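>>> need the 3D shape of this:
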Amino acid sequence: MNIYYSDSHLLHAPPFEIFDGGEKIPTFEVPERAERILAALKADPRFSIHPPEDFGLAPILAIHDADYLDFLRSAFDEWQTEPTDYAKTALIPATFPPGGWRRKPRGLLGKAGYYVMDLAAPITAGTYPAALGAANCAISGAKQILASSPTARGQGVRVPSAFALCRPPGHHAGRANCGGYCYINNAAVAANWLSAHGKVALLDIDYHAGNGTQDIFYERADVLSISIHADPDFEYPYFAGYADETGAGAGAGFHRNFPLPLGADDSVYQKALDQALELIQNFAPKFLVISAGMDIYGEDPLGKIRVTASGIEQIGAKIAALGLPTLVVMEGGYNNDALGTNVVNFLGAFL
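A predicted model of the protein is given here:
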């Protein structure tokens, strides 16, 4: 399997985040995450590591707002010119618009509150180039499965797969906002790029709801988006990811959420997954994109469901059994000791 990795992710190393209750803590989303995964993949001869191609901004602008991207590009540098007496290592806004207040201010801190969804997406000097690198990894993987896709199915025909080792992750980034460690929606960029060549299903198995992906594809019928996640009644992102959110307009019926209860184990997860896979089979896509969050693992510090390491392997096996050209895109996962092993075991099912 080809792995697409960019060391530009090392440029994004926020020194802190503001956690629940307002506590300032070292961020969970650290460069070590990707490096642990990379080391585990390099130790396995089944995987081949490749740098991404540079696809420019066009595939990103196809789903993200141009003014938002311009803010992401310039915000940190602009912030350095603000007259303050404290160290400016990471930009996090302090003011957010309540519902219905969506006027875009001209000032930097006002724009930050407009475009940044929460206190877990610090913008540093290296955030924008790291996010671009992650998006290019996802598109590079999409290009590979497109080029390798067999024209006919049958015995002995190898179905292509690829893994985009993206960092920062992306599935909380909407059309015009970042949040939850995510700045550019890597999986959505890749899914949209592939949609020019046939229908795409995007399955998000991260612990948290893929609210950004939902925002991007909610009114589209050519991309079936599905998210299996902790119930937003008790878990981030709180304001999206509910079962009754099923798409709108042309996309009515083409988005599905499967919120899971607190403490959900392998059997509960597998039941939701079986329903999701049936939806994908009925949709009959040409390509499958997976937002693969390993924070479903029962010992993840940010998770409150209890999927085992064996359960993660089983999830991979069931998805792989669909027999679709598949791009796996890295999302969350914060138990760094287990992260590399869980990713390798998940990907192994596609080989």
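>>> mind pulling the model confidence for residue 14?
Per-residue confidence (pLDDT) for residue 14: 96.
>>> chain center to the helix or strand hosting residue 338: distance?
Taking DSSP states H and E as the definition, one finds residue 338 inside helix 336-348. With CA atoms, centre = their mean, to the nearest Å as the basis, helix 336-348 stands 17 Å off its chain's centre.
>>> same question for that helix: list its buried residues.
Neighbour counts over helix 336-348 (16 or more other CB atoms under 10 Å) mark 338-348 as buried. Using the backbone N, CA and C atoms, a C-beta is placed for each residue, glycine as well.
>>> strands of the chain, start to end?
Applying DSSP state E to the chain gives strands spanning 2-4, 17-18, 24-25, 48-50, 161-164, 200-204, 223-230, 255-260, 287-292, 326-330.
>>> could you check the angle helix 336-348 makes with the last one?
Inter-element angle recorded for strand 326-330 and helix 336-348: 170 degrees (by axes from the mean of the first three to the mean of the last three CA atoms, to 10 degrees).
>>> longest helix of the protein?
Criterion DSSP state H: the longest helix present in the chain is helix 127-148.
>>> against which helices or strands is that one packed?
If contacts are counted by 3 or more CB pairs under 8 Å, 6 or more residues apart in numbering; DSSP states H and E, helix 127-148 sits against strand 2-4, helix 58-61, helix 66-80, strand 161-164, helix 186-194, strand 287-292, strand 326-330.
>>> export stretch 82-91 as PDB, just CAs?
Extracted in PDB, the C-alpha atoms of stretch 82-91 (Å, rounded to 0.1, in the frame of the first residue of the first chain):
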ATOM      1  CA  GLU A  82      -1.000  43.700  16.800                       C
ATOM      2  CA  PRO A  83       0.100  45.900  19.700                       C
ATOM      3  CA  THR A  84       0.200  43.500  22.700                       C
ATOM      4  CA  ASP A  85       2.500  42.900  25.600                       C
ATOM      5  CA  TYR A  86       2.300  39.000  25.700                       C
ATOM      6  CA  ALA A  87       4.000  36.300  23.700                       C
ATOM      7  CA  LYS A  88       2.200  35.600  20.400                       C
ATOM      8  CA  THR A  89       3.000  31.900  19.800                       C
ATOM      9  CA  ALA A  90      -0.500  30.800  18.900                       C
ATOM     10  CA  LEU A  91      -3.600  32.700  17.900                       C
END
